[in-house]
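**Q** Provided below for reference: sequence and predicted model.
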Amino acid sequence: MTKKAPKKVFTDGPLSPDMVSDSIAAHQAKTNIGAHSIFLGQVRADKVDGKIVKAIEYSAYEEMALNAFHEIREKAFSRFEEMTCCHIYHSLGTVKTGEICLFVFTSSKHRRVAIESCDFIVEEIKSQVPIFGKELFEDESHQWKVNT
Amino acid sequence: MIITVKYFGAIAEATGLQEEKLDMSALGTKLEDLRDHCLHKYGAINDLTFKLAVNQSIEEEMVLKDGDEVAFLPPFAGG
């Protein structure tokens, strides 16, 4: 389970809310699981100097990013031994405000590990994965997003 | 010695390029030689924050070899 090659993580455009329910349904056969934790990143209509963000255009150093996602998954499996499943999906291209750009799904026997591993993975993605975001404003200008 | 250089995000916007091949033969073999060359060539990136990755690994200083891939990475913004 923990020694797989890098998985497909990137989706072109927004992530569909259906992915979330499909993922839940796909885990119902795994009855050793007692807890799932889900994180969804949504594009926010930030206001900067009076201009409102209408979308983020994501790009990535894809080969490095896929390796980074793989390493994060490996690290999470070794740090949280009870974690049984871990899925990560991220958008590339344009994602409008209100749409989903990141979906992290972790599962475990008990809630604590499901929640903590999900949190760990999200923080690692924010700091370790070479993904870049161009915030597009309603007046067609833009600025580059920086994770805080 | 040919190095593939990749630019991303705000850096790609400032250089106007996503990728180029640089012949480092006359410029030096160190990563900082390449960085200095690019900062000189593309004035606009001097004001930007970036890290360098060599063959997908973040590095601050090292000696490059023919065929290496160096990437200019602006701050990460995933999620």
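**A** Received, thanks.
**Q** the residue positioned nearest the centre of chain A: what's it in contact with?
**A** When Cα atoms, centre = their mean is applied to chain A, the residue found nearest the centroid is residue A:102 (3.2 Å). Listed by Cβ atoms under 8 Å, 6 or more residues apart in numbering or on different chains, the contact partners of residue A:102 are A:15, A:39-41, A:88-91, A:122, A:125, B:78-79. Every C-beta, even on glycine, is put in place using the N, C-alpha and C of the backbone.
**Q** any chance of those in a markdown table, plus distance to residue A:79 and secondary structure?
**A** Listed next are the contacts of residue A:102 as a markdown table, based on distance: Cβ to Cβ, whole Å; DSSP: H, G, I helix; E, B strand; the rest coil:
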| residue | distance to residue A:79 | secondary structure |
| --- | --- | --- |
| A:15 | 25 | strand |
| A:39 | 17 | strand |
| A:40 | 22 | strand |
| A:41 | 22 | strand |
| A:88 | 15 | strand |
| A:89 | 21 | strand |
| A:90 | 21 | strand |
| A:91 | 26 | strand |
| A:122 | 14 | helix |
| A:125 | 15 | helix |
| B:78 | 20 | coil |
| B:79 | 19 | coil |
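**Q** residue ranges with poor pLDDT in chain B?
**A** Across chain B, nothing is flagged by pLDDT under 70.
**Q** one more: chain A?
**A** Applying pLDDT under 70 to chain A flags residues A:1-6.
**Q** circling back to that earlier point, pick out whichever of the contacts of residue A:102 sits closest to residue B:6.
**A** residue B:78 (17.4 Å; Cβ to Cβ).
**Q** for chain A, see how far away that closest one is.
**A** For residue B:78, the distance to chain A equals 3 Å [Cβ to the nearest Cβ, to the nearest Å].
**Q** give the contact list for that residue.
**A** Residue B:78 sits in contact with A:58, A:60, A:65, A:90, A:102, A:125-126, A:129, A:131, A:133, A:147, where contact means Cβ under 8 Å, 6+ apart.
**Q** looking at neighbours, which among those residues is most surrounded?
**A** residue A:131 (30 neighbours; other Cβ atoms under 10 Å in any protein chain shown).
**Q** hey, what's residue A:56 bridged with?
**A** When assigned by DSSP bridges, residue A:56 has beta-bridge partners residue A:95, residue A:135.
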